[in-house]
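**Q** Could you look at this predicted model? Sequence included:
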Amino acid sequence: GLAFTGDVTDESDNCSTGISASYSDDLSGIVDCDNLGLIVRTWTLIDNCNNTTIKNQNIFIEPVPKVILLPKVDTICNGAQTDILITSPSVPSSPVRFSYVIEPENPGQVSVTLNGSQIDLINGSRIQDDIENLSNIVQLVRFIVTPYTWDSFNAVNCIGINDTTIIRINPQPKIQVTAIPDTLCFDDGTGTAFTITTPNTTTGTWVYDLVTTASDAGVTGYTPTGSDLTTMNFTDLLINNTDIVQTVTYQFTPKILGPNGTTAYCENGVDTTITIWINPQPKIDVVASADTICNDDGIGTTFSISTPNTTTGTWVYDLVTMASDAGVTGYTPTGSDLTVINFTDLLINNTDIVQTVTYQFTPKILSPDGTTAYCEDGVDTTIVIWINPTPRVDINATSEICNEIITDIELTTQTVLTSGQVTFDYTAVPSGNLG
């Protein structure tokens with residue numbers, strides 16, 4: 001009506017002063033609310049002399065600029081780029097332009113990098129800005145786009161109704177892993193317990209990939225490599241079937257599964273690597289030379305001790321020595337946590353029969369992780385040393401005989417040897433004058 005378009009104000013006439021003005025509108029040029037419309041207004045002026053004048057007035061109606069954003073809601077990964085398409089159904093006399101502002105819900109928790117202008121954007125433009133989530137939880141940023149048009153003087157003419165796209169930004173995937181203990185004994189039956197947590201809250205499912213690598217094929221009992229895992233607690237009963245210390249390395253890499261329905265994952269997670277050390281079963285090799293000796297021979301038996309093991313703690317052994325009779329002396333006493341790898345025992349058998357000393361060597365690993373006392377269950381070795389007695393002789397003979405009578409001297413012994421028999425040498429020594 002005239003309230004918007006205005007009335008005729010400058011009409012004049014040379015015949016009379018009373019001029020009647022009326023109009024009719026042709027609205028066929030108005031298509032819809034999104035396109036520039038044209039009203040052809042026909043004015044009819046009649047003065048008091050009944051003179052008539054008809055004039056046409058063209059009235060252009062600019063549509064209110066609109067904006068359509070796609071998508072309206074989206075989720076991106078940390079450090080990723082937005083992709084917001086700006087379109088408008090509006091067709092005014094001059095092209096629609098757009099400007100936008102960014103409103104983070106938590107300004108201190110995000111960093112936005114602009115990759116283009118925020119003003120004077122044309123229809124079909126895309127907002128492709130990088131957003132970094134500085135926190136451990138999902139953040140929200142609003143992109144508010146306002147449409148507008150220019151007039152013939154390059155000034156803003158009509159400002160339309162803004163629209164908003166909401167962008168959720170997942171955090172960088174993070175993972176926290178504790179593994180207790182990190183050093184094990186051979187097949188200890190307790191194993192290492194893994195506890196997994198994350199500081200993240202996300203859109204999509206927080207998962208992790210696990211890559212396990214054993215240092216040797218002789219290590220068993222570890223969780224296999226897997227993807228998209230959600231298990232937060234597990235225990236591995238690791239077994240080291242070799243003679244040296246081995247490791248299993250666990251690499252945990254967090255990610256976010258299906259964050260927005262089209263992206264497979266938010267990756268680039270901060271991985272965590274855990275190494276578990278598994279000691280071998282303690283073993284010992286003992287060589288004893290000689291294993292059968294004469295009483296108090298002055299040489300004795302030499303023990304040479306070695307192990308195939310390498311360990312995280314100190315390889316030691318316990319020794320238990322047991323003599324078969326109290327008459328045996330000279331052997332190393334029972335002891336614990338020994339590290340001597342060579343020693344010689346000068347064994348003495350004070351009895352008349354063969355005796356033995358039994359040496360039982362039991363290997364173990366002292367303080368393998370700084371808290372556990374020992375890795376035990378070692379494979380023990382037992383060595384038996386035989387000590388022959390000093391041969392003795394018993395003589396049974398007549399103390400006096402007549403001249404030229406044959407002697408009858410019986411030689412016997414109570415000595416018992418490990419093998420063979422006791423033989424005798426003798427020398428006859430006359431006490432009188434020879435001849």
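**A** Structure received. As the structure is a computational prediction, the values presented were derived from the model and not from experiment.

**Q** pLDDT below threshold where in the protein?
**A** The model of the chain has pLDDT under 70 over residues 1-10, 16-18, 393-399, 401, 403-405, 407-426, 428, 431-435.

**Q** Recalculate using a threshold of 80.
**A** Along the chain, segments meeting pLDDT under 80 span 1-19, 28-29, 36-37, 48, 152-154, 296, 391-435.

**Q** Quickly note the distance from the residue positioned nearest the centre of it to residue 240.
**A** Compute the mean C-alpha point of the chain, and by Cα atoms, centre = their mean the closest residue is residue 252, 2.5 Å away. From residue 252 over to residue 240 the distance is 22 Å, taken as Cβ to Cβ, to the nearest Å. For glycine as for every other residue, the C-beta is placed from the backbone atoms N, C-alpha and C.

**Q** one step back: pretty sure the residue nearest to the centre of the chain is in a strand, no?
**A** Yes - when DSSP: H, G, I helix; E, B strand; the rest coil is applied, residue 252 is found to be in a strand.

**Q** Quickly find the element holding residue 22.
**A** Using DSSP states H and E, residue 22 maps to strand 20-29.

**Q** contact partners of the next helix or strand after that strand?
**A** Sequence order places strand 37-46 as the next helix or strand after strand 20-29, per DSSP H and E. Strand 37-46 is contacted by residues 5, 8, 11, 13, 19-31, 52-61, 63 when judged by Cβ atoms under 8 Å, 6 or more residues apart in numbering.

**Q** how many other residues sit next to the closest residue to residue 12 other than its chain neighbours?
**A** Excluding the flanking residues, the one nearest residue 12 by Cβ to Cβ, 6 or more residues apart in numbering is residue 19, at 7.8 Å. For residue 19, the neighbour count with other Cβ atoms under 10 Å is 16.

**Q** dump the residue contacts of residue 19.
**A** Residue 19 touches 11-13, 45-48, counting by Cβ under 8 Å, 6+ apart.

**Q** who's residue 381 bridged to?
**A** residue 361 (DSSP bridges).

**Q** who are the neighbours in contact with it?
**A** Going by Cβ under 8 Å, 6+ apart, the list of residues near residue 381 reads 284-286, 360-361.

**Q** For residue 219, state which of the contacts of residue 19 is nearest.
**A** residue 11 (104.6 Å; Cβ to Cβ).

**Q** Just list the residues touching that closest one, thanks.
**A** 19, 21, 45.

**Q** Out of those, flag the one nearest to residue 112.
**A** Nearest member of those to residue 112, counting by Cβ to Cβ, is residue 21, at 57.9 Å.

**Q** So that closest one versus residue 46, what's the distance?
**A** Applying Cβ to Cβ to residue 21 and residue 46 gives a distance of 8 Å.

**Q** just the strands in the stretch 1-150 of the chain please.
**A** Per DSSP state E, counting those that start in this stretch, the stretch 1-150 of the chain carries strands over the ranges 20-29, 37-46, 52-61, 68-70, 73-76, 84-87, 97-104, 110-113, 126-127, 130-133, 139-150.

**Q** ok so, going back, the strand holding residue 22: which residues count as buried?
**A** 23, 29 (16 or more other Cβ atoms under 10 Å).

**Q** does residue 252 have beta-bridge partners, and which?
**A** residue 210, residue 272.

**Q** Residue 113 too?
**A** residue 130.

**Q** Repeat that for residue 179.
**A** Residues in beta-bridge contact with residue 179 (DSSP bridges): residue 194.

**Q** re the thing from before, would you convert the strands of the stretch 1-150 of the chain into JSON lines that also reports distance to residue 388?
**A** Output for the strands of the stretch 1-150 of the chain, formatted as JSON lines (distance: least, Cβ to Cβ, whole Å):
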{"stretch": "strand 20-29", "distance to residue 388": "133"}
{"stretch": "strand 37-46", "distance to residue 388": "129"}
{"stretch": "strand 52-61", "distance to residue 388": "130"}
{"stretch": "strand 68-70", "distance to residue 388": "102"}
{"stretch": "strand 73-76", "distance to residue 388": "89"}
{"stretch": "strand 84-87", "distance to residue 388": "100"}
{"stretch": "strand 97-104", "distance to residue 388": "95"}
{"stretch": "strand 110-113", "distance to residue 388": "89"}
{"stretch": "strand 126-127", "distance to residue 388": "101"}
{"stretch": "strand 130-133", "distance to residue 388": "85"}
{"stretch": "strand 139-150", "distance to residue 388": "89"}
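
**Q** what about those strands, which gets the closest to residue 273?
**A** strand 130-133 (24.1 Å).

**Q** Give me the helices and strands touching the closest one, please.
**A** strand 110-113, strand 163-169 (3 or more Cβ pairs under 8 Å, 6 or more residues apart in numbering; DSSP states H and E).

**Q** Now tell me what touches that strand from outside.
**A** The set of residues external to strand 130-133 that reach it, using Cβ under 8 Å, 6+ apart, is 76, 78-82, 109-113, 115, 139, 141, 167, 169-172.

**Q** Kindly write the PyMOL command that selects the buried subset of those residues.
**A** Only the buried entries of the contacts of strand 130-133 go into this PyMOL selection, using 16+ other Cβ under 10 Å:
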select buried, resi 76+78+79+80+82+109+110+112+139+141+167+169+170+171+172
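
**Q** Contact partners for the nearest residue to residue 285 once chain neighbours are set aside?
**A** With sequence-adjacent residues excluded and distances taken as Cβ to Cβ, 6+ apart, residue 285 is closest to residue 306, at 4.8 Å. Counting by Cβ under 8 Å, 6+ apart, residue 306 touches 284-285, 341.

**Q** what about 10 Å?
**A** Residues in contact with residue 306, defined by Cβ atoms under 10 Å, 6 or more residues apart in numbering, are 283-287, 341-342.

**Q** cool, residue 70 as well?
**A** By Cβ under 10 Å, 6+ apart, the contact set of residue 70 is 83-87, 126, 165.

**Q** Can you mark which positions in stretch 96-103 are buried?
**A** 96-100, 102.

**Q** Pull out the buried positions in stretch 190-202.
**A** Quick answer for stretch 190-202 (16+ other Cβ under 10 Å): 191-192, 194, 196, 198, 200, 202.

**Q** With that, I have no additional questions.
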